[in-house]
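In: Quick one, what's the 3D model for this:
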Amino acid sequence: MKFAVLVFPGSNCDIDCYKAVESALGEPVDYVWHTATDLSGYDCILVPGGFSYGDYLRCGAIARFAPVMNEVAKAAEEGKYVLGICNGFQILTEAGLLPGTLRRNDSLKFRCHDTVLRVENNDNPFTSLYAEGEEITIPIAHGEGNYYCDEDTLKQLQENRQIIFRYSNNPNGSVDDIAGITNERGNVVGMMPHPERAVDGLLGSEDGKKMFTSILKAWRDRHESAGVR
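Out: Numbering: from 1, shown residues only. Coordinates of the predicted model:
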């Protein structure tokens, strides 16, 4: 399985994502610059955290127009796995690949600490190795992590089980305590907490590792069922 880690001007979690794939999975992984126009050789695209284009205008608003995002949209349409973390989540909402938006934290302060998440849906390629209802410790580091959507969208997210993580103690004011969501198809996920920073006990938690191993399992299961070796 081949992973792409996108790199925008201002990305600062690209190395973390690369190292997480390398250490947790040992699968091939490449950095891919924001000007790339071909992602066909990759099975999973990671859109990392940071401050793409300095968060000018609005978080993710400029990165959304980078050439590589056209390829991310194609990959999502083809059913490939896309994971946006922190600023990556913001970019995916700006690109229309996920519903809603991310606003300033209700405290108007940057929050950087461990958080406890509850796994709301493990019937998903990104969460299948967790137990539903399991509580996991994943760090956050954001100033604009307050997830918002209108009532109709929230109802749709709830009814379709698109909410995959909720905060046990909401740190930013997100509606319905949402920490992570998926698209209707289930192959695109956005979350504000950083699972790539929780893949080794030396980092304080290994609870993020199962996200990466879940993706690999889903990919292998798909290929085995299709008879691909």
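
In: Strands of this structure, start to end?
Out: 3-7, 29-33, 44-47, 81-85, 101-103, 111-119, 135-142, 146-148, 163-167, 178-182, 188-191 (DSSP state E).

In: Mind giving me the packing neighbours of the longest helix along the chain?
Out: Taking DSSP state H as the assignment, the helix of the chain that covers the most residues is helix 209-225. With contacts taken as 3 or more CB pairs under 8 Å, 6 or more residues apart in numbering; DSSP states H and E, helix 209-225 sits against helix 14-24, strand 81-85. The way it works is simple: take the backbone N, C-alpha and C, and place the C-beta from them, glycine included.

In: Reformat those as TSV; add distance to Asp221, mean neighbour count and mean pLDDT.
Out: Shown next, in TSV, are these (distance: least, CB to CB, whole Å; neighbours: other CB atoms under 10 Å; pLDDT from 0 to 100):
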stretch	distance to Asp221	mean neighbour count	mean pLDDT
helix 14-24	18	20	96
strand 81-85	12	27	98
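
In: Could you export the ones you listed as JSON lines, including distance to Asp30?
Out: Output for those, formatted as JSON lines (distance: least, CB to CB, whole Å):
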{"stretch": "helix 14-24", "distance to Asp30": "8"}
{"stretch": "strand 81-85", "distance to Asp30": "15"}
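
In: Out of those, the one nearest Leu39 is which?
Out: strand 81-85 (9.8 Å; CB to CB).

In: Check whether Ser23 really touches Leu202, as I assumed.
Out: No. In this structure, Ser23 is not within contact of Leu202 by CB atoms under 8 Å, at 10.4 Å.

In: in the sheet, who's paired with Ile85?
Out: Ile85 has these beta-bridge partners by DSSP bridges: Met191.

In: Distance of it relative to Asp152?
Out: 27 Å (CB to CB, to the nearest Å).

In: Please name the spatially closest residue to Arg118 (chain neighbours excluded).
Out: Arg166 (5.0 Å; CB to CB, 6 or more residues apart in numbering).

In: show me what contacts that neighbour?
Out: Leu117, Arg118, Glu120, Asp176, Asp177, Ile178, Ala179 (CB atoms under 8 Å, 6 or more residues apart in numbering).

In: Let's see the PyMOL selection covering just the buried ones among these.
Out: Only the buried entries of the contacts of Arg166 go into this PyMOL selection, using 16 or more other CB atoms under 10 Å:
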select buried, resi 117+118+120+177+178+179
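
In: Need the max-distance pair from the contacts of Arg166.
Out: Leu117 and Asp176 (13.5 Å).

In: Which residues does the longest helix of the chain contact?
Out: In contact with helix 209-225 (CB under 8 Å, 6+ apart) are residues 1, 20-21, 24-25, 27, 43-44, 81, 83, 124-130, 136, 195, 198-200, 229.

In: I'd assumed Ala75 was in contact with Leu97.
Out: No. Counting by CB under 8 Å, Leu97 does not reach Ala75; the two are 10.0 Å apart.

In: any shared contact partners between those two?
Out: Shared contacts of Leu97 and Ala75, counting by CB under 8 Å, 6+ apart, come down to Val82.

In: circling back to that earlier point, give me the buried entries from the contacts of helix 209-225.
Out: Buried among the contacts of helix 209-225 (16+ other CB under 10 Å): 1, 20-21, 24-25, 27, 43-44, 81, 83, 124-130, 136, 195, 198-199.
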